[in-house]
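**Student:** let me see the structure of the following:
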Amino acid sequence: MSLCNNLKQNIRKCIAEKDINSLLVYKDICDHLHEGEDEYKGYKSVEIPSDTLYEEMVRLIRLYQPDSIKDEEGEIESIWMGSIPKFELPQPIEEAILLPKFDGCSCGVFYKRFEKLEICTACSRNFSSKLDMKVQEPYTNKVRSFTSNLTNKLNESSSFLFDGKFHVSDIREIYIRGEICMKIKNRTTTTLYSGFPAKAMSTDSNEVFTEMLPNLQFVPYEIMKIVFDVCNEDEDNCLSTSHISMPDSSSAKKRSEGIILEYVPTQEEVLRFFSSIGVYKYPWVHRSITGDSLSYIKSLYEEWNSSLTEPLDGVVYCSKDWCYHKPKVIKKYGKYAWKPSSEATTTLREINQKPNKMFEVYFDEVEIEGKKIKKASMKTVRNHKVGDVVTVWLNFDGSIVKIVDDDENKQTKRSFNKLNNTEKEDRGKEEEKKAMEPPAKDEVIQKDSEFQASSSSTPSSM
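**Tutor:** Numbering: from 1, shown residues only. Next up, the predicted model:
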């Protein structure tokens, strides 16, 4: 198989050919680039593939070499933000919490008390092991601009935490993880919403960031660690739980009025705390998860995706007692995500033109969200030819499929981001156009390479 210097194209070719050994190499490259390396094995960080393509690669590796992909594990540093493993089939959990998975950029916000709790530094997942405050200052300043509500609520709250043992005013430091995402989604597809906050947080233009700021928000969903000042050394008044981490003798800071404790709350405690101070206003569900829960998870996603204004790209679930790992502990991440899949990589095998000038297209069978697809009718094949490795896109309602190659995929994404980031300009041009033109027939937008899919549905497990 001939490969090129394009990382995404190489991954797609290896998926189409089911070249698992090469995919393992490309997964390793992606993982290094994702962790913040500018370049690895000849590929640069700007070449990182989309989450959808990365997850398609991982799913294929799991299918053919399941022992090669394990739940994330390893030595956890003092501050660490891992990526939640994605599975197509549910992972059984007896007492689980399910919550929306927001489509944005993961972010850690670290507060320290001076006179009040203030953001000391913030970081993306790529910088989670490089907490240099000077390097992070531009990013931190951006985060401060849309987290004032969280900061105010933490300082205004009179809440007692975790069965009333601690008061919010006892917090000395708190390490919060959440998602930077759009406040209001403005497209009918779930694709590329994460590109909006990604551009906002990476741009060097204050003008661009200021324009995007009104539609940015931070949704907190995890607490990595809380450092408390405890005003009583009597053990009976301390929180009796395995999550408390007493500092060792070399780092313990005893004070005349008390001691310092580190506490890592459970997922349920985190959600209740953030809800109580009014910074988490989203649904979550308690439920037992089994291997037959896929239909329920999908229905939950559809319900939340239609009712929430924020963009979602899946459902996260974990044990209600799940908590962030203690420092230097080797442990599986233990949290999982299900994401709707809207695309798959395949190879074109046959193209036939019908008398009505439509084309009948055959390709290696792919499965997207339970639908097995290997044949379709389309208006035009454009420059596609037999043997091409292409991406099959399926709309969320399963009705329309599009075939694109990697260059078209990139162009589509560029167009989508342009629409997202220049809505104000687009609206102005549209109003100007309407003012100059007389009333006309309804506009018909014809999309290239669209076709009606001939598919057979595979019923989901109940």
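**Student:** which regions of the stretch 51-200 of the chain lie under the pLDDT threshold?
**Tutor:** Judged by pLDDT under 70, the stretch 51-200 of the chain has its weakly predicted residues at 68-82, 125-135, 159, 163-165, 187-192.
**Student:** and the strands in it?
**Tutor:** Along the stretch 51-200 of the chain, counting by DSSP state E, counting those that start in this stretch, strands occupy 93-102, 105-113, 117-124, 160-161, 166-167, 171-182.
**Student:** host element of the nearest residue in space to Gly42 that is not next to it in sequence?
**Tutor:** Distance criterion Cβ to Cβ, 6 or more residues apart in numbering; nearest residue to Gly42, sequence neighbours excluded, is Asn5 at 7.6 Å. For every residue, glycine as well, the C-beta is placed using N, CA and C. Under DSSP states H and E, no helix or strand contains Asn5.
**Student:** again, but for the one 4 residues further on
**Tutor:** Under the criterion DSSP H and E, the helix or strand holding Gln9 is helix 7-16.
**Student:** for that helix, name the packing helices and strands.
**Tutor:** Secondary-structure packing of helix 7-16 (3 or more Cβ pairs under 8 Å, 6 or more residues apart in numbering; DSSP states H and E): helix 20-34, helix 51-64, strand 343-353, strand 389-394, helix 406-421.
**Student:** run the angle between the host helix or strand of Lys374 and strand 389-394 for me.
**Tutor:** Here Lys374 sits within strand 371-378, counting by DSSP H and E. When axes from the mean of the first three to the mean of the last three Cα atoms, to 10 degrees is applied, the directions of strand 371-378 and strand 389-394 differ by 100 degrees.
**Student:** just checking: what are the partner strands of strand 371-378?
**Tutor:** strand 359-368 (antiparallel), strand 450-457 (antiparallel) (DSSP bridges).
**Student:** which stretch in the ones you listed has the least confidence?
**Tutor:** With a mean of 37, strand 450-457 has the lowest mean pLDDT of the strands paired with strand 371-378.
**Student:** that older thread, can you tell me the average pLDDT over the strand holding Lys374?
**Tutor:** 80.
**Student:** low-confidence stretches in the stretch 301-450 of the chain?
**Tutor:** 326-332, 369-370, 394-450.
**Student:** redo that, cut-off 80
**Tutor:** Applying pLDDT under 80 to the stretch 301-450 of the chain flags residues 325-333, 340-342, 356-357, 367-371, 377-382, 393-450.
**Student:** convert stretch 88-102 to CSV, retaining C-alpha atoms only.
**Tutor:** Coordinates of each C-alpha in stretch 88-102 appear next as CSV, following Å, rounded to 0.1, in the frame of the first residue of the first chain:
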residue,chain,number,x,y,z
GLU,A,88,-19.6,1.8,20.9
LEU,A,89,-21.0,-0.8,23.4
PRO,A,90,-21.8,0.1,27.0
GLN,A,91,-19.4,-0.9,29.8
PRO,A,92,-21.4,-2.5,32.6
ILE,A,93,-21.6,-0.4,35.8
GLU,A,94,-24.0,-1.4,38.6
GLU,A,95,-24.6,2.1,40.0
ALA,A,96,-23.8,4.6,37.3
ILE,A,97,-24.3,8.3,36.7
LEU,A,98,-24.9,9.4,33.1
LEU,A,99,-24.4,13.0,32.0
PRO,A,100,-24.2,15.0,28.8
LYS,A,101,-20.9,15.1,27.0
PHE,A,102,-20.3,18.6,25.8
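**Student:** got the buried residues for it?
**Tutor:** Along stretch 88-102, these residues count as buried under the neighbour rule (16 or more other Cβ atoms under 10 Å): Pro90, Gln91, Ile93, Ala96, Ile97, Leu98, Leu99, Pro100, Lys101, Phe102.
**Student:** and stretch 333-351, by the same measure?
**Tutor:** Within stretch 333-351, the residues that count as buried by 16+ other Cβ under 10 Å are 333-348, 351.
**Student:** and the strands of the stretch 51-200 of the chain as a markdown table, adding distance to Ile368?
**Tutor:** Output for the strands of the stretch 51-200 of the chain, formatted as a markdown table (distance: least, Cβ to Cβ, whole Å):
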| stretch | distance to Ile368 |
| --- | --- |
| strand 93-102 | 19 |
| strand 105-113 | 25 |
| strand 117-124 | 30 |
| strand 160-161 | 44 |
| strand 166-167 | 47 |
| strand 171-182 | 24 |
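**Student:** Ser299: which of those is closest?
**Tutor:** Relative to Ser299, the nearest member of the strands of the stretch 51-200 of the chain by Cβ to Cβ is strand 93-102, separated by 11.3 Å.
**Student:** what angle sits between that closest one and strand 171-182?
**Tutor:** Per the same axes, to 10 degrees, the angle that strand 93-102 makes with strand 171-182 is 60 degrees.
**Student:** can you list the domains in the protein?
**Tutor:** As given by automatic domain parsing, the domain ranges for the chain are 7-68, 102-282, 343-416+446-457.
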